[in-house]
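J.: sequence isn't available, so here's the structure alone:
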DNA sequence: CTGAAAGCGCTTACAG
DNA sequence: CTGAAAGCGCTTACAG
């Protein structure tokens, strides 16, 4: 059925099919101008020997590699995994495969970016939640099609605003959360924010600030974290040290931070939701079990949409066509951490 | 600082440094025989222009690509993500990057495998929980160094028993769980098993069967699932239909299935742990919150160990050296789902 | 220690 | 519709 050892090359396939390398290459790249007869002959040989073209040779020669580079900075745990799963789902329908790299910090992210964008040959790239510094002029989108996921360029990011993107509707989501808290009678809100180089974190924080401006009756405060459980916990412990009389509600930038807040409050003997409400964002699997009020973030959808945008662009090859910005909605999940305890 | 557009090539670096391609290549590959002076000159140019060698050209030419292919079949959600994180951690210390692909089924797994093992040029491969069919003769480990993760070859898998592996001590872990249940007075146990082509699933099931043999007083039953929440739920609902009087305890193959069992029992109004105990395996983040008794599986450690084995082999290049099989321990986490309710 | 040359396995104009 | 040829950007013997 198949040879052991070295797999054969295009050249050998050509010989076996009594034709030339060029023609074999044509059937590989689905070029139309090949006679049905020779095409059949070649396909038989390929099939029979399980021939697979060498990706690296392909990449070097400038053809399609079927490779999609997915760059992610490590934020949160489940987040990128689900998004990647979504990307992979669509990619595999297009016979594509992911070359996924995890960046350790902004420098590494840029490193990887350049590797694939110019040096390496991938068909396209998806940047998951890239550090915003990337967009601010240090590097420019190159010739490879790129899609920003959970991020988007604007006027201040020269070049990047013309890059396809898929983001989540943070403004709508956060506003719903805040309105919900307002409805519950909460007046003093603390936003447990994320770092200023993460798009979603910035977007959510801005929404929080805007909401305060729109509702003069509210009192607001902001503390910063790294969107991790531990940093959420530490930040809130610190906050509680300075505020013996805590606020009405903690509005976390994400669920992980919310879990940390939870722990901190528990350690200080402050009851949720009796004394203080807590909300998150993302809808981590654990959140449902915990009863955390949060925004459901359709991670896989985000990934799927990003991949769809990318493959669309690859198909049409219209580099000129204007950028598309998809926005995915989040849905409010009201659970026990933001509701008054049942009067039982 | 750096040129826009096309990134430069080795040839141009050579010209700028007033030397030859060969010599530039030598400093790139850390070949010792380069005079300090020219080395410095070349490094300056590289640094100044941010030159990055083209991965594909490198791969084609047969050099180190710094690429590690990580193949995973999609089992469980958090599982592979954490393992990959562990791998990535070690890889990045060695300037390596992951080319991770998610296989959709065994066929695809083999496809990918061959792509990277022979066709493509990667420095090494890590196979995470590959379908066992892979090991049973259809394909053979090739010249690229490979490490099996959460899997291991044996006498029946010609060739694969000489491949490095890292596994988890299922036998010890499962035995501990079973002994714990025994101590709690449970006599009738149902093992909610996983598919027969997953190493860990098979290993755990075997341990369950052996335990029954060693403890004649016990009554045991086995039902099969896909190790997912939904299949766990369905399987147990089915079981309950046929067994109006359920067993003492459900011993799940993994936490996801255990969550499904939980749901099924809840739907039937059967209380945990009052009427029946439930245990899992993996220690999913959600399990702690849920109070699920389980085995803690150190996912990141698994990945780190796998990567370590791989880079060790790459460093020594001793293909001849005998295979190393690392075994990582799991630790029992006794929580509420297997304990009698507190007599309060 | 250094360079010129061959070659890795493809793709893509260029001529037929 | 098909082939011969050049070339993608590296690495690696091979001669100095």
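T.: All right, it came through fine. Note that the coordinates shown come from a computational prediction; the quantities given were computed from them, not determined experimentally.

J.: pLDDT score for residue A:42?
T.: Model confidence at residue A:42, given as pLDDT, is 95.

J.: can you check residue A:169 too?
T.: Per the predicted model, pLDDT is 98 at residue A:169.

J.: which ones are touching it?
T.: A:327-330 (C-beta atoms under 8 Å, 6 or more residues apart in numbering or on different chains). In short, each C-beta sits where N, CA and C put it, glycine included.

J.: which of these are buried?
T.: With burial judged by 16 or more other C-beta atoms under 10 Å in any protein chain shown, the buried subset of the contacts of residue A:169 is A:328, A:330.

J.: narrow the contacts of residue A:169 to those in strands?
T.: Residues of the contacts of residue A:169 located in strands (DSSP state E): A:327-328.

J.: the strands in the stretch 101-250 of chain A, which residues?
T.: A:124-128, A:146-149, A:164-168, A:188-193, A:219-224, A:249-252 (DSSP state E, counting those that start in this stretch).

J.: what is the first one packed up against?
T.: If I follow you right, that is strand A:124-128. strand A:67-73, helix A:78-93, strand A:146-149, helix A:299-316 (3 or more C-beta pairs under 8 Å, 6 or more residues apart in numbering or on different chains; DSSP states H and E).

J.: ok, and what's touching that strand?
T.: Counting by C-beta under 8 Å, 6+ apart, A:68-73, A:80, A:83-84, A:87, A:113, A:116-117, A:134, A:144-151, A:306-307, A:310-311, A:313-314 sit against strand A:124-128.

J.: change it to 7 Å
T.: A:68-72, A:80, A:83, A:87, A:116-117, A:144-151, A:306-307, A:310, A:314 (C-beta atoms under 7 Å, 6 or more residues apart in numbering or on different chains).

J.: picking that back up, could you export the contacts of residue A:169 as a markdown table, including distance to residue A:158 and pLDDT?
T.: Formatted as a markdown table, these follow (distance: C-beta to C-beta, whole Å; pLDDT from 0 to 100):
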| residue | distance to residue A:158 | pLDDT |
| --- | --- | --- |
| A:327 | 23 | 97 |
| A:328 | 26 | 97 |
| A:329 | 29 | 97 |
| A:330 | 29 | 97 |
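
J.: count the residues that sit near residue A:334.
T.: 14 (other C-beta atoms under 10 Å in any protein chain shown).

J.: quick one, what contacts it?
T.: Contacts of residue A:334 (C-beta under 7 Å, 6+ apart): A:180, A:293.

J.: separation between the one residue in the stretch 151-300 of chain A that gets nearest to DNA strand C and residue A:211?
T.: Per C-beta to the nearest atom of the strand, residue A:164 is where the stretch 151-300 of chain A lies closest to DNA strand C, at 22.5 Å. For residue A:164, the distance to residue A:211 (C-beta to C-beta, to the nearest Å) stands at 29 Å.

J.: what's the answer for residue A:152, then?
T.: Taking C-beta to C-beta, one finds residue A:152 at 21 Å from residue A:211.

J.: which intervals of chain A have sub-threshold pLDDT?
T.: Residue ranges of chain A with pLDDT under 70: A:1-6, A:74-78, A:115, A:117-121, A:137-143, A:317-320, A:341-344.

J.: neighbours of the closest residue to residue A:296 other than its chain neighbours, how many?
T.: Nearest residue to residue A:296 in three dimensions, chain neighbours excluded: residue A:283, at 3.9 Å (C-beta to C-beta, 6 or more residues apart in numbering or on different chains). Neighbours of residue A:283 under the rule other C-beta under 10 Å: 23.

J.: go on, residue A:64?
T.: Residue A:64, neighbours per other C-beta under 10 Å, totals 16.

J.: next up, the contacts around the closest residue in space to it that isn't next to it in sequence.
T.: Spatial nearest neighbour of residue A:64, excluding adjacent residues (C-beta to C-beta, 6+ apart): residue A:123 at 5.6 Å. Going by C-beta under 7 Å, 6+ apart, residue A:123 touches A:64-68, A:314.

J.: closest one to DNA strand D out of those residues, please.
T.: Once C-beta to the nearest atom of the strand is applied, the member of these that ends up nearest DNA strand D is residue A:65, at 12.0 Å.

J.: for residue A:123, see how far away the closest one is.
T.: 6 Å.

J.: where do the contact lists of the two overlap?
T.: In contact with both residue A:65 and residue A:123: no residue, using C-beta under 7 Å, 6+ apart.

J.: isn't residue A:122 up against residue A:116?
T.: Yes - between residue A:122 and residue A:116 there is a contact at 5.1 Å, judged by C-beta atoms under 7 Å.

J.: could you check which of the two is surrounded by more residues?
T.: A count of neighbours by other C-beta under 10 Å puts residue A:116 above the other of residue A:122 and residue A:116, at 26 against 23.

J.: and for the more buried one, nearest residue in space, chain neighbours not counted?
T.: residue A:69 (4.1 Å).

J.: pretty sure that neighbour is touching residue A:97, no?
T.: No - contact criterion C-beta under 7 Å: residue A:69 and residue A:97 do not qualify, at 10.5 Å.

J.: spell out which parts of the stretch 51-200 of chain A neighbour DNA strand C.
T.: A:51, A:53-54, A:57-58, A:60-64 (C-beta under 7 Å from any atom of the strand).

J.: residue A:171 against residue A:207, yeah?
T.: Yes - contact criterion C-beta under 7 Å: residue A:171 and residue A:207 qualify, at 4.9 Å.

J.: which of those two has more neighbours?
T.: residue A:207 (20 against 15).

J.: run a quick neighbour tally on the residue nearest to residue A:116.
T.: Around residue A:69 there are 24 residues (other C-beta under 10 Å).

J.: and the nearest residue to residue A:192 once chain neighbours are set aside, how far is that from DNA strand D?
T.: Nearest residue to residue A:192, sequence neighbours excluded (C-beta to C-beta, 6+ apart): residue A:252, at 4.5 Å. For residue A:252, the distance to DNA strand D equals 45 Å [C-beta to the nearest atom of the strand, to the nearest Å].

J.: residue A:252 and residue A:280 touch, don't they?
T.: Yes - the criterion here is C-beta under 7 Å, and residue A:252 meets it with residue A:280 at 4.8 Å.

J.: so for these two, which residues contact both of them?
T.: Joint contacts of residue A:252 and residue A:280 (C-beta under 7 Å, 6+ apart) are residue A:258.

J.: DNA strand D versus the most centrally placed residue in chain A, what's the distance?
T.: By C-alpha atoms, centre = their mean, the mean C-alpha position of chain A lies nearest to residue A:128, the distance being 3.7 Å. Look at residue A:128 and DNA strand D: by C-beta to the nearest atom of the strand, they are 27 Å apart.

J.: with residue A:296 instead?
T.: Where DNA strand D is concerned, residue A:296 sits at a distance of 45 Å (C-beta to the nearest atom of the strand).

J.: tell me, how many residues neighbour that residue?
T.: 17.

J.: just residue A:214 next, same as before
T.: So residue A:214, with other C-beta under 10 Å, has 10 neighbours.

J.: then residue A:255?
T.: Neighbours of residue A:255 (other C-beta under 10 Å): 28.

J.: so it sits against residue A:287, correct?
T.: Yes - under the criterion of C-beta under 7 Å, residue A:255 makes contact with residue A:287 at 5.1 Å.

J.: so what sits against both of these two?
T.: Joint contacts of residue A:255 and residue A:287 (C-beta under 7 Å, 6+ apart) are A:280, A:294.
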